[in-house]
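# next come a sequence and a model predicted from it.
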Amino acid sequence: MYYLSRINRLSKKLICFLTIFAIASFGIIIPVYAEDDMNLNCKSALLMDFGTGKIIYEQNSHEKLAPASVTKVMTMLLTMEALDSGKIAFEDKVTISAQASSKNNKGTMLLLDAGEIRTVKELLYGIAVESANDACIAMAEHISGSEEEFVKLMNKRAKEIGATDTNFVNPNGLPAQGHVTSAHDLAVMSRELLRHEKIFEFISKYMITLYVGKKDNVKRELVNKNKMVRFYNDVDGIKTGWTEDAGYCISVTAKRNNLRLISIVMGAPKVEIRNKEARKLIDYGFANFTSSTVAKKGDIMQEVRVSKGSRLKVNAVTDRNISVLLNKGEEKSIKKTAELPEVVNAPLKKGDKLGELVLSINDKEVGRHDLVCDTDVSKSSFINNLKNSFIYWFGSSKK
């Protein structure tokens, strides 16, 4: 047994020596961790590539767990969607209700008074930086009319984006029976949130000054609960959470060169362990993968003929930035194929789906992305249809 033990120790030393020699001599890229060797100290975890949505690493990723304040990822997502759609605006004035007031809330708060008025922008800072539970209720009421209706919207949106492990009971993550999600679902929600580029103004902010209170207008210096945005390179969001039931949770994003990663840790025993494990996932991703940009939002892929419309043709364009995840050190040829109909019927609206852009590497499909109409097209009159038919058969048009 003694000799076997000694041989094992010598073997390990030899492997370490050969690894170091390979890196020093040939520049070989060695993965920082093998996937089965991470042994993360948490209940569940997941690492996702933001660009493609590909899962790079997962550990119990579909286990349904209490998310604590990481719930607010969905609250912020619905807020950004309401802003982008024009339903609400950053400068909207929100009157704080008695239900939203800190007097009727628990945990971390802005200490809002019933009857005071705050803007959507101030409340969003409160949610993203301070993790304020009262600000969540106020935002929910502003968007949906009541907290209950907003929670219905949260669950509806979760299902729409494929977060099927999730059931929300409130918009802030306070402990409640049946309030659960998973590492997988938090990654999916986080990815949707990060599509709204303006959210980085809020989730990446380390300190912000707000004034609260109906009468006193008290100055509050808010410090981000997510300390990783200041103390870890490349990190610029998203959200932390903790309760006794949930343990320490985090959804964190980091970007290096073209590669943006989303790291999820749920149920860690200590805040330091949570941050360490989240960073371990990010380091693994950056060490082993790279991202190649295939197309940018609005790039024209192909023209499509329009039937019975005010225009003869429209452009099929990408509706977002498109990238491909590659193993580091690999050089691959990425083929792009636009799958589109020869003709589409009017009317059309800008953003309507026309077809798909198919990406493949070595004849293997690696992704599909929507191609959408670049402009509005109304139905044409009978006379205009005749004119367009004549142009199509006997002439040309820049339309």
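Right, received. Where do you want to start?

# how is the protein divided into domains?
When the chain is parsed with automatic domain parsing, its domains come out as 37-291, 296-394.

# okay if I get those as CSV plus mean pLDDT?
Formatted as CSV, those follow (pLDDT from 0 to 100):
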stretch, mean pLDDT
domain 37-291, 96
domain 296-394, 88
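
# quickly compare those domains and say which is most buried.
Mean neighbour count (mean count of other Cβ atoms under 10 Å) peaks for domain 37-291 among these, with a mean of 20. Where C-beta positions appear, they are placed from N, C-alpha and C, glycine not excepted.

# and that domain, how far out from the chain's middle?
Relative to the chain's own centre, domain 37-291 is displaced by 10 Å; criterion: Cα atoms, centre = their mean, to the nearest Å.

# thought V271 was touching Y248?
Yes: using Cβ atoms under 8 Å, V271 is in contact with Y248, at 5.1 Å.

# anything in contact with each of these two?
Counting by Cβ atoms under 8 Å, 6 or more residues apart in numbering, the shared contacts of V271 and Y248 are W242.

# now the strands for the stretch 1-150 of the chain?
44-49, 55-59, 93-95, 117-119 (DSSP state E, counting those that start in this stretch).

# let's have these in JSON lines, adding distance to N170.
Listed next are these as JSON lines, based on distance: least, Cβ to Cβ, whole Å:
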{"stretch": "strand 44-49", "distance to N170": "21"}
{"stretch": "strand 55-59", "distance to N170": "27"}
{"stretch": "strand 93-95", "distance to N170": "18"}
{"stretch": "strand 117-119", "distance to N170": "20"}
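
# which among those strands is found nearest to F200?
strand 44-49 (17.5 Å; Cβ to Cβ).

# could you list the paired strands of that closest one along with their orientation?
The pairing partners recorded for strand 44-49 under DSSP bridges are strand 55-59 (antiparallel), strand 259-268 (antiparallel).

# please identify which of those strands is closest to S44.
Across the strands paired with strand 44-49, closest to S44 is strand 259-268 (Cβ to Cβ), at 4.7 Å.

# next SSE downstream of that closest one?
With elements assigned by DSSP states H and E, the helix or strand that comes after strand 259-268 is helix 271-288.

# put the alpha carbons of that next one into CSV.
Output of helix 271-288 as CSV, limited to C-alpha atoms (Å, rounded to 0.1, in the frame of the first residue of the first chain):
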residue,chain,number,x,y,z
VAL,A,271,-21.7,35.3,0.8
GLU,A,272,-18.0,34.9,0.3
ILE,A,273,-18.6,31.3,-1.0
ARG,A,274,-21.4,32.5,-3.3
ASN,A,275,-19.2,35.1,-4.9
LYS,A,276,-16.2,32.7,-5.2
GLU,A,277,-18.3,30.0,-6.9
ALA,A,278,-19.9,32.6,-9.3
ARG,A,279,-16.4,33.8,-10.2
LYS,A,280,-15.2,30.3,-10.6
LEU,A,281,-17.8,29.7,-13.3
ILE,A,282,-17.0,32.9,-15.1
ASP,A,283,-13.3,32.2,-15.1
TYR,A,284,-14.0,28.7,-16.5
GLY,A,285,-16.0,30.3,-19.3
PHE,A,286,-13.5,32.9,-20.2
ALA,A,287,-10.6,30.4,-20.1
ASN,A,288,-12.2,27.9,-22.5
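
# what does whichever helix or strand comes after that helix contact?
Downstream of helix 271-288, the next assigned helix or strand under DSSP H and E is strand 289-295. Residues from elsewhere that reach strand 289-295 (Cβ under 8 Å, 6+ apart): 49, 51-52, 56, 257-260, 301, 318, 321-328, 334, 336, 357, 359.

# let's go with 7 Å and repeat that
Contacts with strand 289-295, where a contact means Cβ atoms under 7 Å, 6 or more residues apart in numbering, come from 49, 51, 56, 258-259, 318, 321-328, 334, 336, 359.

# what's the answer for stretch 116-132, then?
69, 72, 75-76, 79, 88-96, 108-110, 112, 135-136, 138-139, 142, 202-203, 205, 208, 210, 213-214, 222, 224-225.

# understood, closing this out.
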